[in-house]
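**Student:** Got a predicted structure plus its sequence, pasted below:
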Amino acid sequence: MDARSFAVSYSSPYSPSSAFRNGHHHPLVVNVSSLSNCKILSRHLTQICPSLEVVRMQDVATKHNAVDKESPVENLKDGLFSATSSHERSDGLCFDYRKDESTVSITVVGASGDLAKKKIFPALFALFYEDCLPKHFTVYGYARSKMTNAELRNMVSKTLTCRIDKRENCSEKMEQFLNRCFYHSGQYDSLDNFMELDTKIKEHEAGRISNRLFYLSIPPNIFIDAVRCASLSASSTNGWTRVIVEKPFGRDSESSAALTRGLKKYLNEDQIFRIDHYLGKELVENLSVLRFSNLVFEPLWSRQYIRNVQLIFSEDFGTEGRGGYFDNYGIIRDIMQNHLLQILALFAMETPVSCDAEDIRNEKVKVLRSMRPLQLENLVVGQYKSHTKGGITYPGYTDDMTVPKDSLTPTFAAAALFIDNARWDGVPFLMKAGKALHTRRAEIRVQFRHVPGNLYNRNIGTDLDQATNELVIKIQPDEAIYLKINNKVPGLGMRLDRSTLNLHYAARYSKEIPDAYERLLLDAIDGERRLFIRSDELDAAWALFTPLLKELEEKKIIPEYYPYGSRGPVGAHYLAARYNVRWGDLGLEQ
Ligand SMILES: NC(=O)C1=CN([C@@H]2O[C@H](COP(=O)(O)OP(=O)(O)OC[C@H]3O[C@@H](n4cnc5c(N)ncnc54)[C@H](OP(=O)(O)O)[C@@H]3O)[C@@H](O)[C@H]2O)C=CC1
Ligand SMILES: O=C1O[C@H](COP(=O)(O)O)[C@@H](O)[C@H](O)[C@H]1O
């Protein structure tokens with residue numbers, strides 16, 4: 001940061017406009033107390049001066065020595081950002097100051113792989129298309145495969161799509177994006193190869209402040225090698241360096257702790273962004289909004305009114321090509337211990353002090369630590385077998401060439417979990433996750449208690465369960481939030497039926513819903529950690545599943561076989577019935 005910068009402490013009475021109107025032709029460097037203040041101020045600034053570029057400088061001053069020692073910004077901490085504009089306006093509100101503009105270099109480690117092609121490059125392009133990426137950004141693909149820049153661009157171009165609702169300038173934008181993508185071939189454990197990458201990155205940084213994001217899109221056995229080399233040979237010397245780590249974060253408490261120890265040899269906890277892409281899904285992000293910004297839900301959100309909660313994940317395809325990875329993990333580690341448990345924690349946590357990452361993650365950890373470790377008697381496991389339907393034969397799990405023929409790895413699991421705290425005592429949280437089932441969906445179902453002394457019991461019939469309210473949060477596909485209520489059928493008689501108050505996203509919002517990876521990548525670039533998993537959360541999550549996973553493997557529990565494309569093992573119904581629960585996704589009306 002240049003010595004001509006000046007600092008202003010942001011508190012609510014401060015008006016950013018005064019600083020501009022005073023005619024300062026310097027970068028405005030503002031110390032704000034929190035990320036949300038930072039965002040509010042940033043909005044104010046850009047309203048006053050639309051051509052202004054606001055750049056967060058988080059971590060710059062504190063972590064590295066590159067800040068000019070004479071600079072008044074030397075001691076500023078989190079929330080620091082600078083504002084610069086490239087266009088001077090005639091009213092003098094804006095100024096031209098480019099020297100301290102920062103760059104963001106995003107390296108996709110494992111760029112030749114499935115996730116990079118399917119999710120990461122398309123998400124980066126979508127962010128670019130929406131003008132969400134910083135002005136000076138560059139993307140690097142890194143992997144062992146030999147490729148030229150042109151070959152990487154060609155590979156990436158095949159998976160880029162534009163928003164359906166905004167197709168203008170699509171091919172032009174794609175070309176601009178691809179021109180910012182470069183490839184470097186190297187080994188994941190080579191300090192020299194990462195040094196070469198560093199040289200390339202520096203060329204593009206052209207002396208600006210350097211911020212670097214590494215996305216580890218590689219198998220977990222090489223995470224530490226890659227982090228060691230990236231950190232020692234290619235981390236930023238004057239800006240931030242962050243690493244997005246993909247799951248799996250180990251396969252039990254011990255291996256997860258070892259991975260964390262390995263990562264922390266080279267990184268601080270706040271440089272590690274453990275991704276759980278379900279946290280980036282629109283309806284999962286909306287869960288807290290639904291609970292904490294609507295008076296009608298939060299008072300009902302406890303054992304007093306809620307009978308059970310169901311977290312359901314189902315896919316209508318098998319492991320298809322990922323059997324080698326999957327067989328070492330199974331559905332409990334692949335979906336339950338992370339995606340479904342994260343949703344459960346958000347669903348059940350107490351009101352956080354604020355929306356700041358640490359406040360939310362503190363509450364999630366408390367929920368996880370209040371849970372009983374999963375017991376074998378509360379678990380049903382299944383594995384899909386081959387099935388022929390309509391002349392087509394669908395393969396069984398062990399038909400996959402990469403899966404051992406005698407594999408007992410579960411591709412389906414149903415579990416009953418309990419939170420032993422005052423709010424949720426005795427409420428079963430039922431999870432169900434499976435591959436090769438009859439449908440693809442992810443949803444949360446909240447079944448409420450019966451209405452005490454219901455005046456209308458006579459008009460409902462004998463099945464009271466069918467008449468209780470159910471709130472469904474449909475995460476995917478076809479996002480929706482709907483509440484099942486009882487309603488009088490219009491007419492002279494008094495007959496009740498089940499109706500639905502439905503917030504169907506496609507009907508309500510014309511804007512296309514961004515992919516989870518877009519939100520998460522943007523957050524990682526912004527240094528927003530709210531949707532990433534902290535190490536103590538991870539430890540608490542593994543503590544719930546590790547003893548059971550060991551028992552399953554030691555006892556060689558045989559899964560219940562279910563046909564490809566079916567509704568899964570019947571054992572899941574018995575498990576639910578033990579807690580007087582009926583799975584909400586299997587009824588006639590869903
Ligand atoms: N694919 C998906 O849908 C999802 C993936 N993930 C996680 O994301 C990460 C990446 O996944 P994905 O892209 O599917 O992985 P891939 O198996 O496609 O591997 C990515 C790249 O890593 C390199 N690689 C693969 N195996 C090895 C090896 N044994 N030793 C060294 N390098 C290797 C290859 O690049 P090269 O040979 O060119 O070096 C490959 O292109 C994994 O951790 C995975 O668990 C998480 C959620 C979903
Ligand atoms: O993490 C994973 O998620 C996918 C499902 O993600 P979705 O966003 O398509 O619902 C799953 O297929 C995969 O097995 C798992 O590793």
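**Tutor:** Cool, the structure landed. Ligands and ions are numbered 1, 2, ... in the order given.
**Student:** Skip the chain neighbours and tell me the closest residue to the closest residue to ligand 1 within the stretch 351-500 of the chain.
**Tutor:** Nearest residue of the stretch 351-500 of the chain to ligand 1: residue 402, at 11.1 Å (CB to the nearest ligand atom). For the C-beta atoms, the positions are set from N, CA and C on the backbone; glycine is no exception. Of all residues beyond its chain neighbours, the one nearest residue 402 is residue 324 (3.8 Å), with distances taken as CB to CB, 6 or more residues apart in numbering.
**Student:** How is that neighbour assigned, secondary-structure-wise?
**Tutor:** The three-state label given to residue 324 by DSSP: H, G, I helix; E, B strand; the rest coil is helix.
**Student:** wait, isn't the residue of the stretch 351-500 of the chain closest to ligand 1 in contact with residue 323?
**Tutor:** Yes. The pair residue 402 / residue 323 is scored as a contact, 4.2 Å apart, by CB atoms under 8 Å.
**Student:** if we can go back for a sec, so the residue nearest to residue 402 touches residue 409, yeah?
**Tutor:** No. Proximity of residue 324 to residue 409 does not meet the contact threshold set by CB under 8 Å, at 11.4 Å.
**Student:** Next up, the contacts around residue 319.
**Tutor:** Residues near residue 319 by CB atoms under 8 Å, 6 or more residues apart in numbering: 326, 397, 400, 403, 411, 435.
**Student:** Tell me the spacing between the last one and residue 394.
**Tutor:** This means residue 435. 12 Å (CB to CB, to the nearest Å).
**Student:** what about these two, which has more around it?
**Tutor:** Each of residue 435 and residue 394 has its neighbours counted (other CB atoms under 10 Å); residue 435 has more, 26 against 17.
**Student:** Could you measure from that one over to residue 476?
**Tutor:** Distance from residue 435 to residue 476, by CB to CB: 15 Å.
**Student:** Ok, residue 342 next?
**Tutor:** Residue 342 sits 15 Å away from residue 476, going by CB to CB.
**Student:** Over to residue 577?
**Tutor:** Computed as CB to CB, the residue 577 to residue 476 distance reads 27 Å.
**Student:** more neighbours, the two?
**Tutor:** Taking neighbours as other CB under 10 Å, residue 577 and residue 476 compare with residue 476 leading, 18 against 11.
**Student:** residue contacts, that one?
**Tutor:** Contacts for residue 476 (CB under 8 Å, 6+ apart) come out as 281, 283, 440, 441, 442.
**Student:** Go again with 7 Å.
**Tutor:** 281, 441, 442 (CB atoms under 7 Å, 6 or more residues apart in numbering).
**Student:** near ligand 2, from those?
**Tutor:** Checked against ligand 2 using CB under 6 Å from any ligand atom, the contacts of residue 476 yield the following neighbours: residue 442.
**Student:** Please produce a markdown table containing the contacts of residue 476, extended by pLDDT and neighbour count.
**Tutor:** Below are the contacts of residue 476 laid out as a markdown table (pLDDT from 0 to 100; neighbours: other CB atoms under 10 Å):
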| residue | pLDDT | neighbour count |
| --- | --- | --- |
| 281 | 98 | 24 |
| 441 | 97 | 18 |
| 442 | 98 | 23 |
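**Student:** Out of the contacts of residue 476, list just those in helices.
**Tutor:** Among the contacts of residue 476, no member is found in helices (DSSP state H).
**Student:** Tell me which of the contacts of residue 476 fall in strands.
**Tutor:** Among those, the residues falling in strands (DSSP state E) are 441, 442.
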